[in-house]
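**Q** turn this into a structure:
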Amino acid sequence: MKINKLFVPLMAVISLMSVGCSSNNSSASSKNDGSNSNIPSEVQKYTVTFDLNYDGSTNFTQEVESNGKVTRPEDPSRDGFYFTGWYVDANETSQFDFDTSITESTTVYAGWVDSANSLVATFYYNFEGAPSEIYETSYFEKNNRVTKPEDPSRDGYLFSGWYSDAACTQEFSFMKRQDSNVSLYASWKKSYTFEAEYTQLTGLDPDTDETCDAQGNKLGVGYSNNVVGKMLIGKDSDKVKAQASNGYYVTNLYYNGAYLEFKINSDADVTGASLQLRLSAEYFNISITSDDFVVSINDKEISYEDITFSGVVTDMASEEKRPFTNHYINTINLKKGENSIKLTVNNDQSPQVGAGSMGATAPMIDCIYITTDANLTMTEYKGNIQ
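**A** Numbering: from 1, shown residues only. As a prediction, the model looks like this:
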């Protein structure tokens, strides 16, 4: 077959144009495919300058990423002076907090006191397994008062003051002026948590207890229904958001005479233990007093300041509850052996008009806390939680 002589050159030109267009399109695509977004942006950093704050000293610095925290350096030393910490100002009026997020270049200043005219107060953690032997060291001028530091913390214990001896028999007075170095020791009391859901809700005696049914199950009255026994227990969840200490709590005590009893065993007589209740409310904002919600220890009523619950979730269709909060009640005395801590509803006031079948105002109860030196246990009914 005869081919037109003009056809071959024309096809070659078209082919070259096609390749060129394809190449250009590919190049354009590569410029616009967003691959540049994978290049990490430069992280903002700031300089923290440590000014040693005396003539002839040499400053040093740390680089910190934005919103990061600076690392506390080793304490500097200076002949004839005690180092007192790092401050936000050269006059040493406010200490720098190393938990502060750094959002700009910052200068912190060393604090010093003349060792010839200063005394030392050493504060000891005073328990095995502490983060370190010494909690804090501070300095003060002779015949001045020691400054009280922030309270230390210890898991499962409550800090109860500073003492002049490790046995914690002589409480230290921060009002007294001192003329010598001082060593102070932290005192700790064990903090116990006793759960409301482990109190007795079944097996009660219907002949002597009017708050149970004929089968011995504790009665409960709710907003729209009555419950008995273990059904008084509410379960926390991501939807409920009650922040219950053990994931459960007791509710439906909305009638006059309803009660929970914590049976607490002590290995010694106790004076001045601390009692807290972890409580909340549902459906309505309420207040309780020591008259209408009675707290008694071995049948002796104790007083406490009025408690108000606000921010309650009032939507009846919602599962969400107001988070539980801790409320200090008072100091209490316990006897060696078994003790009764009883929480009793002592009113017949509905929380408000339209409160359904709720016949009294009462809180939900999560747990109680007792802080003391004695060893405590509770008679628990763990079968309540299946």
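
**Q** how is the chain partitioned into domains?
**A** Using automatic domain parsing, the domain ranges for the chain come out as 45-116, 118-190, 193-384.

**Q** single out the most deeply packed of those domains.
**A** Neighbour counts (mean count of other C-beta atoms under 10 Å) averaged over each of the domains of the chain peak at domain 193-384, with a mean of 17. Quick note: C-beta positions are derived from backbone N, CA and C, even for glycine.

**Q** now that one: how far from the chain's centre is it?
**A** How far domain 193-384 lies from its chain's middle: 22 Å, per C-alpha atoms, centre = their mean, to the nearest Å.

**Q** quick check: the gap between residue 296 and residue 163.
**A** 33 Å (C-beta to C-beta, to the nearest Å).

**Q** could you pull out the helices for the chain?
**A** 7-31 (DSSP state H).

**Q** state the phi and psi torsions of residue 129.
**A** Torsion angles at residue 129 (phi, psi; degrees, to the nearest 10) stand at phi 90, psi 10.

**Q** when you give positions from now on, start the count at 20
**A** All set: I'll call the first residue 20, so the last point we hit is now residue 148.

**Q** which ones are touching it?
**A** If you count contacts by C-beta atoms under 8 Å, 6 or more residues apart in numbering, residue 148 has none.

**Q** what's the separation between it and residue 240?
**A** 47 Å.

**Q** for residue 108, which non-adjacent residue is closest in space?
**A** residue 128 (6.4 Å; C-beta to C-beta, 6 or more residues apart in numbering).

**Q** can I assume that neighbour is in contact with residue 72?
**A** Yes - between residue 128 and residue 72 there is a contact under C-beta atoms under 8 Å: 4.5 Å.

**Q** shared neighbours of these two, anything?
**A** 109, 111.

**Q** now the domains of the chain in CSV, please, with extra columns for mean pLDDT.
**A** Converted to CSV, the domains of the chain look like this (pLDDT from 0 to 100):
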stretch, mean pLDDT
domain 64-135, 94
domain 137-209, 94
domain 212-403, 96
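
**Q** could you pull out the strands for the stretch 170-319 of the chain?
**A** 176-182, 201-214, 238-240, 245-247, 252-254, 267-269, 278-285, 289-299, 305-307, 312-316, 319-321 (DSSP state E, counting those that start in this stretch).

**Q** right, so of those strands, which gets closest to residue 388?
**A** strand 289-299 (4.2 Å; C-beta to C-beta).

**Q** so what strands line up beside that closest one?
**A** Partners of strand 289-299 in the sheet, by DSSP bridges, are strand 344-353 (antiparallel), strand 383-391 (antiparallel).

**Q** would you format these as a markdown table with distance to residue 215 included?
**A** Shown next, in a markdown table, are the strands paired with strand 289-299 (distance: least, C-beta to C-beta, whole Å):
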| stretch | distance to residue 215 |
| --- | --- |
| strand 344-353 | 14 |
| strand 383-391 | 4 |
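
**Q** gap between the residue nearest to residue 108 and residue 68?
**A** Distance from residue 128 to residue 68, by C-beta to C-beta: 9 Å.

**Q** again, but for residue 342
**A** 42 Å.

**Q** same thing with residue 338?
**A** 53 Å.

**Q** OK, contacts around residue 255?
**A** Here residue 255 is in contact with 261, 262, 263, 266, 267, 268 (C-beta under 8 Å, 6+ apart).

**Q** what's the closest non-adjacent residue to the last one?
**A** For residue 268, the nearest residue in space outside its immediate sequence neighbours is residue 385; the separation is 4.5 Å by C-beta to C-beta, 6+ apart.

**Q** before we move on, what about the first one?
**A** On the basis of C-beta to C-beta, 6+ apart, the spatially nearest residue to residue 261 that is not a chain neighbour turns out to be residue 340, at 4.2 Å.

**Q** got it, and the fourth one?
**A** Setting aside the residues directly before and after it, residue 266 is nearest to residue 255 in space (C-beta to C-beta, 6+ apart), at 4.9 Å.

**Q** residues contacting the closest residue to residue 219 other than its chain neighbours?
**A** Nearest residue to residue 219 in three dimensions, chain neighbours excluded: residue 400, at 5.4 Å (C-beta to C-beta, 6+ apart). Contacts for residue 400 (C-beta under 8 Å, 6+ apart) come out as 217, 218, 219, 220, 221.

**Q** roughly how far apart are the residue nearest to residue 108 and residue 75?
**A** The separation that residue 128 has from residue 75, given C-beta to C-beta, amounts to 15 Å.

**Q** now swap in residue 150 and tell me
**A** Using C-beta to C-beta, residue 150 is found at 35 Å from residue 75.

**Q** what do you get for residue 194?
**A** 39 Å.

**Q** next: residue 214.
**A** 62 Å.

**Q** please apply the same query to residue 338.
**A** 67 Å.

**Q** do residue 200 as well
**A** In terms of C-beta to C-beta, residue 200 sits 29 Å off from residue 75.

**Q** thought residue 385 was touching residue 345?
**A** No - applying C-beta under 8 Å as the test, residue 385 and residue 345 come out as separate, 9.2 Å apart.

**Q** overlap of the contact sets of those two?
**A** By C-beta under 8 Å, 6+ apart, residue 385 and residue 345 have these common neighbours: residue 297.

**Q** wait, what's in contact with residue 151?
**A** Applying C-beta under 8 Å, 6+ apart, the residues near residue 151 are residue 144.
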